[in-house]
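Colleague: Mind looking at a prediction? Sequence and model below.
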Amino acid sequence: MTLASSRYLLLMVACAWSLGGIAQEPPPPAETPAGGPPPRGTEFGFAVFEKNCTACHGNPAVERAPSPAQLRQFTAERILDALTTGPMRAVGDTLTDVERRQVAVSLSGKALGAAASASASDLPNRCAANADMPVPSARSDWNGWGADLGNTRFQSQEAAGLDATSVVKLKLKWVFGLPNATSSYSQPTIVAGRLFVGSDTGYVYSLDAKTGCVYWSYLSQAGVRNAMTLGPIHGHGAVKYAVYYGDLKANTYALDAQTGKLLWAQKVEQNYTDRVTASPAYFRGRLYVPVSSWEEFAASSPSYQCCTSVGAVVALNADTGKQIWKTYVIPQRPKPIRKNSAGVQQWAPAGGSVWNTPTIDPKRNALYIGTGDATTYPAAVTSDAVLAMNLDTGRVLWSYQVHKNDSFVGGCRGASLPDNCPKVGGPDWDIPASVIMRRVADQDYLVVGTKPGDILALNPDKKGELFWRKNVRGGEIAGDNFKNQVPGVSPPRVSGVMWGFSADPTTAYIGLSGEGGLAAMRIVDGQREWLSALDVPKDMPVSNGSATSVIPGVTFLGGSDGVIKAVATQDGSVLWRFNTHLEFDSVDKVPTRGGSISTAGPVVAEGMVYIGSGYAVLGGSPGNAVLAFGID
């Protein structure tokens, strides 16, 4: 008997005798089990779960095993206890300590330690008073992911309160430690002098933007990765403004921006793998919520029913949370297509996660999104694509596929491929970042960034007709060129857009993953104006895949090394830098450390710069710091 078959048999035996017990609440552990580094992120834990646990959980033949959706309701501590000392120890003993912790974090959607109180009421830096919030101002706030409807991530000099001369004077003003958190991956939102931020524990906090004192907190049902979006709300008494956001269990919330009181909550999708990774967009009383999924990360396991999750945009009434419309990226619903060699049902078509915040176009009554790869073969024509949808109905107006044939499932590498893998594997390129809409010389452009570094501009007046397409590093355009893609072999290292980029009135500023660096490209024709290595030695590459932000004369970005930099837009020279990968004395007196800056970007408002530091996913360094810089 092989090691793999022995492990599978052990798993089935454990299911047969013990899984009925896990549905009952086990005794709480005396303390959170320790040992080993913190989980690197939920993607890794889901991979472990799909590989080792779906033979029982989600298998109709094992009736006593709680479904994955049921397990998602358990706390991380409860799951970890079951795997270490409880009824699932027989399975847990086949895993490493780190793997057990990753599974617990993944299924619960919250960090270990989240069950402990991290409420604002328990923190020592409570604000002395909670005066009525001023009226939000689009001229001085940074609201949501992209700071405006076009997701440009641009602040005027008036709103920024900074320029190329003053940024060199930036100093650290305060640091807030997200209590019990291991990943600071929620981008701060600055509105009416307040900072709103989420955490991987599920807590959302409201702070004073100048001092870091805390007004309130709210505990969500799962971790909160996206930036908060504030907007007017009606029908809730004296409440004027709500904080809107989503969590890693596909719930969307509206909180009273003044007090943090829950106004409504709505689950936008039922597939247990679904999540709201990116920020919802608010416009004229509606909330447009993007839906993504972790299903692709390890659906190669023969025990897994691959694949049923499809990316979507859901429009909600911002006052009530009631669904107005939902549009799936792939219009055909997944259907059973075959059974694999283990007799497990397989489904198609699926995939197309929406990892980015919708871009709103009032002139054309449309929104634009980028979509991810397909998880089934053949890849849908709306995967790795830009889609335009009608704001009122969700009807797809047009689509432009950037990369064809990108069917990707994690774990489909190596000499012997599981038969869950797509017949033809793609490189997992995606359109990960929000589309940027910019008007230059009386023409609107939709600027699109891709993982392999292709940058495109589309014409919204002509159903996404291509203006230009160029590779940011000046090399060969990736297009659908998978010629280096050999079945079972990882694709070549690429260096392009991951989580976001920015644009001033004429130029896009693109931080590069992989080899790192920063590029400036003209919006009208794609001409590269400069490519800066950001003073990083060639033998010590730093990924700059997090989102950039820009003010007149300066663009800001972070790196996987935890360093935030201010860079001159004229030539790419570094004007200012600060290493956040340190331990800090936080205003709330909790253990606080910065780490990798790999997703959300810097936020600039009223003379200050804010950044979350510590992204413990895909090999990043964990951290729980929210930092504020100023020049006063």
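Modeller: Done, it's in. Worth saying up front: this structure is predicted, and the values here are computed from it rather than measured.

Colleague: okay, CA-based contacts and neighbour counts for the rest of this
Modeller: Noted.

Colleague: what's near enough to touch S383?
Modeller: Contact analysis of S383 by CA atoms under 8 Å, 6 or more residues apart in numbering lists 329-330, 351-352, 371-374, 401, 403-404, 406, 430.

Colleague: Need the per-residue pLDDT for it.
Modeller: pLDDT for S383: 98.

Colleague: Check whether L262 really touches T252, as I assumed.
Modeller: No: using CA atoms under 8 Å, L262 is not in contact with T252; the gap is 11.1 Å.

Colleague: what about the two, which has more around it?
Modeller: T252 (25 against 16; other CA atoms under 10 Å).

Colleague: Write down the beta-bridge partners of that one, one by one.
Modeller: G246, Q266 (DSSP bridges).

Colleague: ends of stretch 241-255, how far apart?
Modeller: 8 Å (CA to CA, to the nearest Å).

Colleague: Mean confidence (pLDDT) on that stretch, please.
Modeller: In this model, stretch 241-255 has a mean pLDDT of 97.

Colleague: can you list the contacts of S383 in JSON lines and add secondary structure, distance to G595 and pLDDT?
Modeller: Formatted as JSON lines, the contacts of S383 follow (DSSP: H, G, I helix; E, B strand; the rest coil; distance: CA to CA, whole Å; pLDDT from 0 to 100):
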{"residue": "V329", "secondary structure": "coil", "distance to G595": "34", "pLDDT": "98"}
{"residue": "I330", "secondary structure": "coil", "distance to G595": "37", "pLDDT": "98"}
{"residue": "G351", "secondary structure": "strand", "distance to G595": "31", "pLDDT": "97"}
{"residue": "G352", "secondary structure": "coil", "distance to G595": "30", "pLDDT": "98"}
{"residue": "T371", "secondary structure": "coil", "distance to G595": "29", "pLDDT": "98"}
{"residue": "G372", "secondary structure": "coil", "distance to G595": "27", "pLDDT": "97"}
{"residue": "D373", "secondary structure": "coil", "distance to G595": "29", "pLDDT": "97"}
{"residue": "A374", "secondary structure": "strand", "distance to G595": "32", "pLDDT": "97"}
{"residue": "Q401", "secondary structure": "strand", "distance to G595": "35", "pLDDT": "98"}
{"residue": "H403", "secondary structure": "coil", "distance to G595": "33", "pLDDT": "95"}
{"residue": "K404", "secondary structure": "coil", "distance to G595": "36", "pLDDT": "94"}
{"residue": "D406", "secondary structure": "coil", "distance to G595": "32", "pLDDT": "94"}
{"residue": "D430", "secondary structure": "coil", "distance to G595": "26", "pLDDT": "92"}
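
Colleague: Quick check: PyMOL command selecting the buried ones in those.
Modeller: Selection command for PyMOL covering only the buried members of those, criterion 16 or more other CA atoms under 10 Å:
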select buried, resi 329+330+351+352+371+372+373+374+401+403+404+406+430
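
Colleague: quick check, nearest of the contacts of S383 to D539?
Modeller: Of all the contacts of S383, D539 sits closest to D430, with 28.0 Å by CA to CA.

Colleague: Quick check, the closest one in contact with T450.
Modeller: Yes: between D430 and T450 there is a contact under CA under 8 Å: 6.5 Å.

Colleague: ok, of the contacts of S383, which one's closest to A318?
Modeller: For those, the residue nearest A318 by CA to CA is V329; the value is 22.3 Å.

Colleague: Enumerate every residue touching that closest one.
Modeller: V310, G311, A312, V313, G352, S353, T371, T382, S383.

Colleague: if I pick L263, what's in contact with it?
Modeller: L263 is in contact with H236, Y253, A254, L255, D256, counting by CA under 8 Å, 6+ apart.

Colleague: That one: what secondary structure?
Modeller: strand (DSSP: H, G, I helix; E, B strand; the rest coil).

Colleague: What's the separation between Q570 and Y610?
Modeller: 23 Å.

Colleague: So for those two, which residue has more residues nearby?
Modeller: More crowded of Q570 and Y610, by other CA under 10 Å: Y610, with 24 against 12.

Colleague: Quick check, A104 in contact with A76.
Modeller: Yes: with contact defined as CA under 8 Å, A104 counts as touching A76 (4.6 Å).

Colleague: Which one of these two is surrounded by more residues?
Modeller: Higher neighbour count among A104 and A76: A104, with 31 against 26, using other CA under 10 Å.

Colleague: Can you tell me the element the more buried one falls in?
Modeller: Per DSSP states H and E: A104 is located in helix 97-108.

Colleague: same thing with G237?
Modeller: Under DSSP H and E, no helix or strand contains G237.

Colleague: Tell me, how many residues neighbour it?
Modeller: G237 has 7 neighbouring residues, counting by other CA under 10 Å.

Colleague: mind checking the backbone torsions on T569?
Modeller: Per-residue torsions, T569: phi -70, psi -10 (degrees, to the nearest 10).

Colleague: how close does it get to N390?
Modeller: In this view, T569 and N390 are 35 Å apart by CA to CA.
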